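Peer 1: any chance you can model this:
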Amino acid sequence: MIRDEPAGPVKPPDWPTGLPFNFGGLDDQHAGLEVARIVVLPAPYDFSTTYQGGTRWGPRAIIAASQNMELWDEELGATYRAGIHTLPELEPTALGPEAMAERVERAVGWILDRGKLPVMLGGEHSLTAGAVRAAAKRARGLSVLQLDAHADMRDRYLDSPYSHACVMRRVREIVPAVSVGIRSMSEEEAKHLERAPAPVWSTRGFRALGGHWEPILKALTDEVYVTFDLDALDPAALPATGTPEPGGLDWYEAVDLLAAVARRARIVGFDIVELAPIPGQVASDFLAARLAYRLMGLSLASVSSGALRTA
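Peer 2: Residues are numbered from 1 along each chain as shown. Purely as a prediction, here's the structure:
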């Protein structure tokens with residue numbers, strides 16, 4: 001027999017439940033929007049990727065891995081205590097990457113206008129153009145640090161100027177950018193960089209600095225947005241990308257550079273993009289989650305001396 005529900009408010013279950021599906025699996029005390037200094041924007045987008053797709057599943061894989069990650073960072077401590085709020089996934093649009101970048105710009109601007117640190121989890125790299133536009137409108141003298149295997153400096157690719165292969169061409173039309181880990185580019189990109197030189201370090205060039213990264217740091221401004229395409233890392237460490245390139249950075253090279261940037265500049269936001277999860281192989285997902293968490297802590301440390309300067 002079906003009984004009528006009792007009158008009054010519906011009470012939540014009184015039995016143990018699993019972790020909330022947010023970054024870190026945090027409870028309301030540390031995940032509420034009002035208290036959080038960090039806001040995670042999942043952007044499951046996979047429209048212009050080439051060779052291997054699957055980046056639309058990247059944000060969920062990173063969040064799932066983060067729920068199984070210790071929240072004590074060996075170098076930065078309990079970053080989660082600053083509060084990490086995870087927004088609902090940004091709905092993709094079938095209108096193409098230009099329209100999706102506009103959607104990202106609106107969302108990242110919303111986060112910045114509330115005084116929060118935006119952390120976008122992609123999704124393909126084309127999304128970064130929208131995030132940078134939002135940050136550039138609010139941060140004086142912004143520059144971008146790109147960690148990536150690919151230059152992403154084509155003017156158009158497959159008829160689109162907003163393809164993931166063009167994102168840094170579009171970014172450099174907005175603000176100056178510094179690229180590290182680059183080891184793959186087209187002839188078109190090489191000739192463009194000859195005509196319009198930009199600060200670009202290959203993995204070999206980066207290692208030749210021997211840890212003395214002043215040239216990289218000096219090429220950045222006091223306000224930095226970080227875009228981290230996961231194929232910047234060597235595929236031996238992170239194989240789950242659509243276009244893995246041999247000869248990438250290792251974990252300590254990447255995080256030590258990011259720490260050096262955080263000591264020198266204010267990180268106003270960042271993204272982690274191009275994770276294409278491999279079913280049954282979660283090491284890449286876990287690395288991406290740990291990287292996001294480390295960069296959250298570094299970003300907060302980079303602005304600990306004061307609020308972000310905005311235009």
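Peer 1: just checking, T79 touches L295?
Peer 2: No: using CB atoms under 8 Å, T79 is not in contact with L295; the gap is 9.7 Å. In short, each C-beta sits where N, CA and C put it, glycine included.
Peer 1: compare neighbour counts for these two and give me the winner.
Peer 2: L295 (26 against 23; other CB atoms under 10 Å).
Peer 1: now do the same for the residue nearest to the spatial centre of the chain: its pLDDT.
Peer 2: Nearest to the mean C-alpha position of the chain, by CA atoms, centre = their mean, lies D271 at 1.4 Å. Note for D271: predicted pLDDT of 98.
Peer 1: how many neighbouring residues does the closest residue to it other than its chain neighbours have?
Peer 2: If the residues on either side of it in the chain are set aside, D271 comes closest to M120, at 4.0 Å by CB to CB, 6 or more residues apart in numbering. Around M120 sit 28 other residues, with neighbours defined as other CB under 10 Å.
Peer 1: M120 in helix, strand or coil?
Peer 2: strand (DSSP: H, G, I helix; E, B strand; the rest coil).
Peer 1: quick revisit: now do the residue nearest to the centre of the chain against M100, distance only.
Peer 2: 13 Å (CB to CB, to the nearest Å).
Peer 1: ok, what's across the strand from the residue nearest to the centre of the chain?
Peer 2: Beta-bridge pairing for D271 (DSSP bridges): M120, T227.
Peer 1: isn't it up against L121?
Peer 2: Yes: judged on CB under 8 Å, D271 makes contact with L121 at a distance of 7.3 Å.
Peer 1: please, which helix or strand holds I267?
Peer 2: I267 belongs to strand 266-273 when elements are defined using DSSP states H and E.
Peer 1: before we move on, which element is A107 in?
Peer 2: Assigned by DSSP H and E, A107 belongs to helix 97-113.
Peer 1: what residues does that helix touch?
Peer 2: For helix 97-113, the external contacting residues (CB atoms under 8 Å, 6 or more residues apart in numbering) are 39, 41, 43, 45, 47-48, 87, 90-93, 117-118, 120, 124, 126-127, 129-131, 133-135, 137-138, 160-164, 268-269, 308, 310.
Peer 1: follow-up on the earlier one: other SSEs contacting the strand holding I267?
Peer 2: helix 97-113, strand 117-122, helix 128-136, strand 223-229, helix 283-302 (3 or more CB pairs under 8 Å, 6 or more residues apart in numbering; DSSP states H and E).
Peer 1: re earlier: separation between the residue nearest to the centre of the chain and A43?
Peer 2: With CB to CB as the criterion, D271 and A43 are 8 Å apart.
Peer 1: what do the two both touch?
Peer 2: By CB under 8 Å, 6+ apart, the residues touching both D271 and A43 are 120-122, 127.
Peer 1: ok, those residues vs L300, which is closest?
Peer 2: Set against L300, the nearest of these by CB to CB is M120 (16.5 Å).
Peer 1: who's in contact with the closest one?
Peer 2: 40-41, 43, 104, 108, 127-128, 131, 269-273.
Peer 1: same thing but at 6 Å, please
Peer 2: M120 makes contacts with 41, 43, 131, 271, as judged by CB atoms under 6 Å, 6 or more residues apart in numbering.
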